[in-house]
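**Q** sequence and computational prediction follow.
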Amino acid sequence: MNKAFVKESQDDDEEEERSPSLRLPAGSKNYMTPRGYAALREELDQLVRVERPKIVEVVAWAASNGDRSENGDYIYGKKRLREIDRRLRFLSKRIDHAEVVDPRAHEGKDQVFFGATVTICDVRGTAADEQTWQIVGIDEAEVGAGRISWISPLARALLKAREGDVVRFTSPAGVREVEIVEVRYGEA
């Protein structure tokens, strides 16, 4: 059957939402820092204003060359357009449901809230074992850059705790206890 007559399932439209790390808990809001919101808006703008028009132009040119069944530019271009359109739908939904939370609203507090940058130390470790994490939205989490999602086990354990508290959470390595050394808020 020709692909033109096959309806893609709704699950295909939300490919990114298949990943458990990108799913919002049922009934929760899509919290984001101002930086994360700006990054999503920038990506959406880039796709709409630059990438999609370029691909549409290539597809139109390739279609004008005749036989589309063996035209690599046409086939690749149509595939890329579907990917871009899927990503645009995903970004639009995320942005529409976003609740931007500015971490600076909690400036000066020693309690952990969304957007906090928290320094922790393993209870059994030394000062050299200190780690610093910023609690951010699921779309802006990047472990390598020290940003973890607010739905991660560590972030959930840290939320509402205060400097000096010891919190317990289950990590892939097992149950861990960490002490909150410092809580700070700033630009995000």
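**A** Alright, I've got the coordinates.
**Q** how is the chain carved up into domains?
**A** Per automatic domain parsing, the structural domains of the chain span 28-100, 103-184.
**Q** report the rounded mean pLDDT for the shortest one.
**A** In this case it means domain 28-100. For domain 28-100, mean pLDDT rounds to 92.
**Q** just the strands from the protein, written as ranges.
**A** Using DSSP state E, the strands of the chain run over 30-32, 98-100, 117-122, 131-136, 147-149, 166-171, 174-184.
**Q** for this structure, which helix is longest?
**A** If you go by DSSP state H, the chain has its longest helix at helix 72-96.
**Q** in that helix, what counts as buried?
**A** 74, 77-78, 80-81, 84, 86-88, 90-91, 94-95 (16 or more other CB atoms under 10 Å). No exception for glycine: its C-beta is placed from N, CA and C like everyone else's.
**Q** next: stretch 123-136.
**A** Here stretch 123-136 shows 133-136 as buried, counting by 16+ other CB under 10 Å.
**Q** for that stretch, the distance to its chain's centre please.
**A** 23 Å (CA atoms, centre = their mean, to the nearest Å).
**Q** end-to-end on that stretch?
**A** 24 Å (CA to CA, to the nearest Å).
**Q** if we look at it, which residues are touching it?
**A** 32-33, 36, 112-122, 146-150, 154-155, 158-159, 166, 177-179, 181, 188 (CB atoms under 8 Å, 6 or more residues apart in numbering).
**Q** could you do stretch 172-186 as well?
**A** By CB under 8 Å, 6+ apart, the list of residues contacting stretch 172-186 from outside reads 103-112, 115-124, 130, 154, 157-158, 161-170.
**Q** mean confidence score for that stretch?
**A** For stretch 172-186, mean pLDDT is 90.
**Q** what are the buried residues along it?
**A** Buried-residue list, stretch 172-186, by 16+ other CB under 10 Å: 176, 178-180, 183-185.
**Q** let's see it as PDB, backbone CA atoms only.
**A** Extracted in PDB, the C-alpha atoms of stretch 172-186 (Å, rounded to 0.1, in the frame of the first residue of the first chain):
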ATOM      1  CA  PRO A 172      20.900   2.900  40.000                       C
ATOM      2  CA  ALA A 173      23.700   2.000  42.400                       C
ATOM      3  CA  GLY A 174      21.300   1.400  45.300                       C
ATOM      4  CA  VAL A 175      20.100   3.400  48.300                       C
ATOM      5  CA  ARG A 176      22.200   6.500  49.000                       C
ATOM      6  CA  GLU A 177      22.300   9.100  51.700                       C
ATOM      7  CA  VAL A 178      23.500  12.600  50.900                       C
ATOM      8  CA  GLU A 179      23.900  15.800  52.900                       C
ATOM      9  CA  ILE A 180      22.900  19.100  51.500                       C
ATOM     10  CA  VAL A 181      25.900  21.300  51.800                       C
ATOM     11  CA  GLU A 182      24.700  24.400  50.000                       C
ATOM     12  CA  VAL A 183      21.600  25.700  48.300                       C
ATOM     13  CA  ARG A 184      21.700  28.700  46.000                       C
ATOM     14  CA  TYR A 185      19.600  30.400  43.300                       C
ATOM     15  CA  GLY A 186      20.600  32.500  40.400                       C
END
